[in-house]
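Asker: quick one: sequence plus predicted model below, questions after.
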Amino acid sequence: MVEYIGSVRSVEKGIEEGGVLKVVKRHKRHKKYCAEIFGFPPENRSEEAKSYRETFTCPFRGKECDPDNKVSNLTDEDGNLLVEGQTGECSVWHNPSWSEEPYPVITCPYRFLEGNVVLNFIKEKFFNNNEIVVAEQVDIPPFGRADALIGEIIKKDDSLDIGRIAHLEYQADGTTGTRGVIECIRDFRQGIDVTKKDYDYGLNSKASVKGASLQMINKGYLFQELRIPSIWVLQDYLFRYLRRIYNFDLEDVTDNPLSSEGKYLYFLITKLEYDKDKKKFILRIDKCYVTTPEDMQKSIMGKTHEITIDKLRKKILTKADITCGRQQFLP
């Protein structure tokens, strides 16, 4: 008999959503801890990994780990910080209720910068391998800020100009119960083998997807109007979660020419693959899809349902437990 991990509620949810029920099998369940600390799995304590960790350096940025979002103010019972300096957490292990396999889930957007894997794909796919330049954190009021704008370099005599443009956003996931993640980092620094422990944290995937989807649509309309590709980089895990919530049409252009049908909203899907020789995860390009902000918006606004007024009335009666003498009614 095969045993599965997951609450009854998550199992029932999988059935209700109409998909094939897949939960992580017990023998495949992965203990929950940080999958990468300063770019390397905690099992990897090589001199290379040690050099990044001791200097709080992000191997993907080539400079200091994010001092704004990777510093924790959580304390122990005596008021001492659990972790000093940047935590260096790049990804965490997760056992999705809808997957038979566990995932090392990316929780830092800088993780996508590894080896220019993403930019090299974009350069070839969207700019015919022409020379490009990347401008980071560009304000585009009233649409907020773009993670990056990519420009094709046009050389004119002694001057440079910009030709074609692409918009780029990186979307990582976030954690809930972050204390568990910080305790994992603390234990790791104390020399404890965190791979033998199970830390208490969750993923905020639903909020990550819903927050990003509004940006995808808003910025998608802007760049569609300008006829500029809007490219969103996600890990395969978060993209699968997005597709479970929003079922919009997609065109696979991974090995095909870019869309010529007025579609400008692109999803560039990545995955983490473990390299046994290097003893670390490697970022790979998985798929590239295109859609429109209209199609995405329709999937949000036009969800099919079987809700009726009578069903809502029954839910009120059930939830409120309305029986004589047990329910307090508002006057």
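Answerer: That came through fine.

Asker: which stretches in this protein count as helices?
Answerer: 8-16, 47-54, 117-127, 178-189, 205-225, 236-245, 293-301, 309-320 (DSSP state H).

Asker: residues touching the fourth one, excluding its own?
Answerer: Outside of helix 178-189, the residues within contact range by Cβ atoms under 8 Å, 6 or more residues apart in numbering are 32-34, 37, 42, 72, 74, 82-83, 87-89, 92, 175, 194, 197, 199-201. C-beta coordinates here come from the backbone N, C-alpha and C atoms, glycine included.

Asker: buried only: go through those for me.
Answerer: Under a neighbour-count criterion of 16 or more other Cβ atoms under 10 Å, the subset of those counted as buried comprises 32-34, 37, 42, 72, 82-83, 87-89, 92, 175, 194, 199, 201.

Asker: burial count for residue 39?
Answerer: Residue 39 is flanked by 24 other residues according to other Cβ atoms under 10 Å.

Asker: residue 240 - how many residues pack around it?
Answerer: Neighbour tally, residue 240, other Cβ under 10 Å: 16.

Asker: one more: residue 245?
Answerer: When counting by other Cβ under 10 Å, one arrives at 15 neighbours for residue 245.

Asker: for residue 54, same thing?
Answerer: Neighbouring residues of residue 54 were enumerated by other Cβ under 10 Å; the total is 9.

Asker: cool, and residue 211?
Answerer: Applying other Cβ under 10 Å, we find 13 other residues in the vicinity of residue 211.

Asker: kindly report the same for residue 125.
Answerer: 20.

Asker: now residue 134
Answerer: Burial of residue 134 is recorded as 16 neighbouring residues (other Cβ under 10 Å).

Asker: same question, residue 67
Answerer: Here the neighbour count serves as a burial measure; for residue 67 (other Cβ under 10 Å) it reads 10.

Asker: contacts only, for it.
Answerer: When contacts are counted by Cβ under 8 Å, 6+ apart, residue 67 is found next to residue 86.

Asker: what separates it from residue 89, distance-wise?
Answerer: Using Cβ to Cβ, to the nearest Å, we find residue 67 at a distance of 14 Å from residue 89.

Asker: show me what counts as buried in stretch 242-249.
Answerer: Within stretch 242-249, the residues that qualify as buried are 242, 244, 246, 248, counting by 16+ other Cβ under 10 Å.

Asker: so what's the first one closest to, chain neighbours aside?
Answerer: With sequence-adjacent residues excluded and distances taken as Cβ to Cβ, 6 or more residues apart in numbering, residue 242 is closest to residue 209, at 4.9 Å.
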